[in-house]
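> fold the following and give me the result.
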Amino acid sequence: MTANVTVVSHPLVQHKLTLMREKDTSTASFRQLLREISLLLAYEVTRELPMTVKRIETPLEAMDAPMIEGKKLALISILRAGNGLLDGILELVPAARVGFIGLYRDPETLQPVQYYCKLPDHLDERISIVVDPMLATGNSSAAAVTLLKQSGARNIRFLCLLAAPEGIRHMQAVHPDVPIVTAAVDSHLNDHGYIVPGLGDAGDRMFGTK
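Here you go, the predicted model:
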């Protein structure tokens with residue numbers, strides 16, 4: 001696998017991803033599976049968080065116990081589909097700060113167009129995790145990371161459900177310092193910029209829209 005890309009091969013991740021890929025999976029089931037798989041992916045993307053120790057009292061004695069160091073994580077959702085991953089991760093890290101970047105893909109040029117951006121403060125002191133189910137062309141993801149860096153973020157990770165080789169190459173060309181965590185790297189993009197074999201449009205399947 002390409003350097004700086006982690007594919008989470010855990011059996012539960014792969015099993016749930018297969019259920020999500022099936023075209024007959026209902027909207028409700030797709031949404032629930034995305035929430036469940038996001039928890040599992042979150043374990044991987046937060047694996048290397050900096051740690052410190054805190055003096056505490058257990059019922060038996062005092063001890064120096066491990067704690068996450070630094071300011072709260074910043075979770076940045078690329079609207080709208082990123083919210084499906086965001087919800088699950090917030091169950092695991094409820095104190096995280098949350099930001100939103102609204103981007104849509106121009107159907108002609110496949111380039112991202114920004115329509116919304118609201119980010120937490122002190123990004124230079126936080127680890128930022130950008131979430132979007134699909135890393136397809138990589139244009140929107142790279143644009144979101146660029147916005148984060150312009151807002152002061154220095155330590156950024158990207159979490160997605162599926163990635164295409166084209167998207168990985170683009171992200172790594174523009175932001176080689178940003179690790180990518182995903183459940184699978186699929187074959188390629190089709191002429192419409194969709195991941196193949198993929199699972200269709202994640203946002204449409206999550207929200208029951210066309």
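> return the set of buried residues in stretch 105-116.
Judged by neighbour count using 16 or more other CB atoms under 10 Å, the buried positions of stretch 105-116 are Pro112. (C-beta placed from N, C-alpha, C; glycine too.)
> CA atoms of that stretch as PDB?
In PDB, the C-alpha atoms belonging to stretch 105-116 read as follows (Å, rounded to 0.1, in the frame of the first residue of the first chain):
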ATOM      1  CA  ARG A 105     -18.600  19.000  -7.000                       C
ATOM      2  CA  ASP A 106     -19.300  20.800 -10.300                       C
ATOM      3  CA  PRO A 107     -20.700  18.000 -12.500                       C
ATOM      4  CA  GLU A 108     -19.000  19.400 -15.600                       C
ATOM      5  CA  THR A 109     -15.500  20.100 -14.300                       C
ATOM      6  CA  LEU A 110     -15.600  17.700 -11.200                       C
ATOM      7  CA  GLN A 111     -13.900  20.600  -9.300                       C
ATOM      8  CA  PRO A 112     -15.100  21.600  -5.800                       C
ATOM      9  CA  VAL A 113     -17.200  24.700  -5.200                       C
ATOM     10  CA  GLN A 114     -17.200  26.000  -1.600                       C
ATOM     11  CA  TYR A 115     -20.500  27.200  -0.100                       C
ATOM     12  CA  TYR A 116     -19.900  27.000   3.700                       C
END
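> just the residues contacting that stretch, thanks.
Residues outside stretch 105-116 that contact it (CB atoms under 8 Å, 6 or more residues apart in numbering) are 79, 100-104, 137, 139-140, 143-144, 147, 193.
> pull out the buried members of the residues you listed.
Buried subset of the contacts of stretch 105-116 (neighbour count, 16+ other CB under 10 Å): 79, 100-103, 137, 139-140, 143-144, 147, 193.
> tell me how far Leu92 lies from Arg21.
According to CB to CB, to the nearest Å, Leu92 stands 24 Å off from Arg21.
> on that earlier part again, quick one: which of the buried ones among the contacts of stretch 105-116 is nearest Lys118?
Nearest to Lys118 among these is Phe100, at 5.2 Å by CB to CB.
> for that closest one, which residues are in contact?
Phe100 makes contact with 76-77, 79, 116-118, according to CB under 8 Å, 6+ apart.
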